[in-house]
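Chemist: here is a sequence together with a model predicted from it:
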Amino acid sequence: MSWNRYVEGMRFKWEFLFTNQDMQIFEALSGDHNPIHNDVDFAKSKGFDRPIIYGCLLSSQISRLIGQELPDSNSILTGIKMDFLKPGFPNEKLLFDAELTMKSDATFALEFKCCITSSNKILSRGSATAIWRP
């Protein structure tokens, strides 16, 4: 049974980045046209070197965790909580790190602690929950 392949403490890590084209696609899909994400001068006026990545785009790595990185395809995302501590920038190498912190044999619930870093600096951290449905 693939449920047994889930073990508290198991980790999932990968590097990723978002390009300027990814940012444009997300802007079109989300309808979020805030210039902090696409205007260099505006971003600089807010204290950033350049436009910053959308927080929900960073959070999309949780979808990858649940949909692609787990041992099977039986988990369904039920919740996300993310805190954004520092900005990420397009074309910057980022690291996603998640740990399975809770597995309930009674309810088939899963909980993960997640973190996104850049150069060992925490950009965002939070949690994700899922339910396993064979």
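Modeler: Alright, I've got the coordinates.
Chemist: ranges for the strands of this protein?
Modeler: Shown for the chain, the strands assigned by DSSP state E span residues 11-16, 75-84, 94-104, 109-118, 121-132.
Chemist: out of these, the one nearest Asp39 is which?
Modeler: strand 75-84 (19.3 Å; Cβ to Cβ). (C-beta placed from N, C-alpha, C; glycine too.)
Chemist: report all helices and strands that that closest one contacts.
Modeler: helix 55-64, strand 109-118, strand 121-132 (3 or more Cβ pairs under 8 Å, 6 or more residues apart in numbering; DSSP states H and E).
Chemist: one more time with 7 Å
Modeler: Applying 3 or more Cβ pairs under 7 Å, 6 or more residues apart in numbering; DSSP states H and E, one finds that strand 75-84 makes contact with helix 55-64, strand 121-132.
Chemist: list the buried residues for that strand?
Modeler: Residues of strand 75-84 classed as buried by neighbour count (16 or more other Cβ atoms under 10 Å): Ser75, Ile80, Met82, Phe84.
Chemist: pLDDT score for Lys103?
Modeler: On the pLDDT scale, Lys103 is placed at 98.
Chemist: wouldn't it be in contact with Thr129 here?
Modeler: No. Between Lys103 and Thr129 there is no contact under Cβ atoms under 7 Å: 11.4 Å.
Chemist: shared neighbours, these two?
Modeler: Listed as contacting both Lys103 and Thr129 by Cβ atoms under 7 Å, 6 or more residues apart in numbering are Leu110.
Chemist: from the buried residues of strand 75-84, which is closest to Val40?
Modeler: Out of the buried residues of strand 75-84, the member with the shortest distance to Val40 (by Cβ to Cβ) is Phe84, at 20.3 Å.
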